[in-house]
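Novice: can't give you the sequence, but here's the structure:
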């Protein structure tokens, strides 16, 4: 091939203004889709943290709250009930407190708990209670990993989110 033909084929032909505008619009559409998926993933994570916080705050910051043990006497469909025996100085004995069924063990078990202020509801304390309180965030991590992998094409980040969510849910399942 002569050098003049080689030089002519290596130059990029100029694209029309319409084609360049179409390519820019497609790029903006792709960028907008990724931004929307990122916003959805962040929304899922914020919703998971928001759903976890009402129980997690009592487990994470128990300094001024009432500590003690609850003996599970009776379990219904959603809640288990039993007496509360105080373990801290500021706690008072209660004849009947309730805990979510998913956080309770079998009837007759003694659970370390923290009383929610102003109520007769209790949450599990310690590491098992902490993991149980953050279970909604674990589910949100799993859902966000699907959005990040499929919508944003960030597979490594998605595997990290999925691993963190699965680890949290598995730990809560094994410790409760």
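Specialist: Sure thing, it's come through. Being a predicted model, the structure only gives us computed values, none of them experimental.

Novice: max-length helix in the protein?
Specialist: When the chain is parsed with DSSP state H, its longest helix is helix 17-60.

Novice: Low-confidence regions, this structure specifically.
Specialist: In the predicted model, the chain carries pLDDT under 70 at residues 1-12.

Novice: Tell me where this protein has strands.
Specialist: 67-71, 74-75, 79-86, 94-100, 110-115, 122-124 (DSSP state E).

Novice: sorry, back to before: and the longest helix of the chain, what does it pack onto?
Specialist: When contacts are defined as 3 or more Cβ pairs under 8 Å, 6 or more residues apart in numbering; DSSP states H and E, helix 17-60 sits against strand 122-124, helix 126-133, helix 135-151. For every residue, glycine as well, the C-beta is placed using N, CA and C.

Novice: Could you pull up the contacting residues of the most centrally placed residue in the chain?
Specialist: The centre of the chain sits closest to residue 137, judged by Cα atoms, centre = their mean, with a distance of 1.5 Å. Residues counted as contacts of residue 137 (Cβ atoms under 8 Å, 6 or more residues apart in numbering) are 45, 48-49, 51-52, 165, 168.

Novice: Check the spacing between the residue nearest to it when sequence neighbours are not counted and residue 170 real quick.
Specialist: With Cβ to Cβ, 6 or more residues apart in numbering as the criterion, residue 137 has its nearest non-adjacent residue at 4.0 Å, and that residue is residue 48. According to Cβ to Cβ, to the nearest Å, residue 48 and residue 170 sit 16 Å apart.

Novice: How about residue 121?
Specialist: Using Cβ to Cβ, residue 121 is found at 26 Å from residue 170.
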